[in-house]
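Colleague: Provide a 3D model corresponding to the input given below.
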Amino acid sequence: MKRSGVNVVVWDGDNTIWDWMGFAVPAYTAMRDAITILARKSSEETSEAMKAFYAQKGSVESEGLVQGLHQAGFFNSNSEFNVAQAAKEIQQLFSTVRRKHLKLYPAIADTVQRIHDLGCLQVVLTDAPGNQAAARLKHFRLSPYFDEVYAMQSAELPEHAPTEGFVHTSYVVDQEKPHSNLEAILGMTREGIARHVAIVGDNKVKDMGLADRYGALGVLAAYGHHPFTFIEPFLQFVPEPVAGRNVQLRTPIESGQAAQSRVATAQRPEQVFRLVFELGGA
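Modeller: Model (predicted):
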């Protein structure tokens, strides 16, 4: 179905489609506390060791935390430490807490299905690991409504690595949002992007900055914002630049914001569909 207005919707994933921060704080905290006991160290020492590991990896969703800390000698105080057993136990703990707290925002499933049924292309563009985004789309049974997942390439995420399920994940060797090359990603001209693309995301500088850079419609997912008092404990064991790939940490100052000439704000997930097609044209 050809549309004269918006016919491509570019979604962020974390804190836009699912509440990433809502599971990250309890899951990573539980992991930190368990590692502290295993290492016979203080909570502060574990936090600093985790922060160094994630800083080196560049992503808080990098695997191998226990193995990395073990290689760094963090568990030397525990003569009975078994790295394989510990890694398994910590991963199981993390998965249990994540499963309990990972939630899809209400009305998102209906929204992406309605957009798909209109014949629109839908993609996820994330600065976080693309394989994680693809896995969550599959977990929430949203994969049939999305055409691609795009992410930054990393050492753990080889270029053009296939992902099991309905979505094929392409890793774009490009800059993070708001500097992503949408023309290359979407195969569209700048003029076409301005006329036919809507970008939905929670980050004012990155997601809405990308929309402004191309003159596209931006829909700010304000419902995905957590107060900084909720986020702050997370920063005890994750460096801010790394955490910033998954969540907007602070409200940006005015000079750091995009011009936002075509940005609308969705206070609730169910407003996204209306804003995309009312403001983007039929």
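
Colleague: what about the chain, any weak spots by pLDDT?
Modeller: 1-4, 154-171, 173, 250-261, 280-282 (pLDDT under 70).

Colleague: what comes up buried for stretch 100-109?
Modeller: For stretch 100-109, a neighbour-count test (16 or more other CB atoms under 10 Å) marks 102, 104-105, 107-109 as buried. In short, each C-beta sits where N, CA and C put it, glycine included.

Colleague: what about that stretch, how long is it end to end?
Modeller: From the first residue to the last, stretch 100-109 extends over 19 Å; the measure is CA to CA, to the nearest Å.

Colleague: For it, which outside residues touch it?
Modeller: By CB atoms under 8 Å, 6 or more residues apart in numbering, the surrounding residues in contact with stretch 100-109 are 16-19, 22-23, 26-27, 136, 139-142, 223-224, 268-270, 272.

Colleague: Is it possible to mark the buried ones in these?
Modeller: For the contacts of stretch 100-109, buried by 16+ other CB under 10 Å: 16-19, 22-23, 27, 136, 140, 142, 223-224, 269, 272.

Colleague: if I look at the residue lying farthest from the centre of the chain, how far off is residue 72?
Modeller: Note on the chain: the largest C-alpha distance from the chain mean falls to residue 79, namely 38.0 Å (CA atoms, centre = their mean). Distance of residue 79 to residue 72, computed by CB to CB, to the nearest Å: 17 Å.

Colleague: Give the next helix or strand downstream of the helix or strand hosting residue 219.
Modeller: Residue 219 belongs to strand 217-221 when assigned by DSSP states H and E. As assigned by DSSP H and E, the chain's next helix or strand after strand 217-221 is helix 228-231.

Colleague: who's in contact with that next one?
Modeller: For helix 228-231, contacts defined as CB under 8 Å, 6+ apart pick out 21, 25, 243, 247, 249-250.

Colleague: Can you turn the buried part of those residues into a ChimeraX selection?
Modeller: Command for ChimeraX that selects the buried part of those, burial taken from 16+ other CB under 10 Å:
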select :21,25,243,247,249
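
Colleague: Reformat the contacts of helix 228-231 as CSV; add distance to residue 229.
Modeller: Below are the contacts of helix 228-231 laid out as CSV (distance: CB to CB, whole Å):
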residue, distance to residue 229
21, 12
25, 11
243, 15
247, 14
249, 12
250, 11
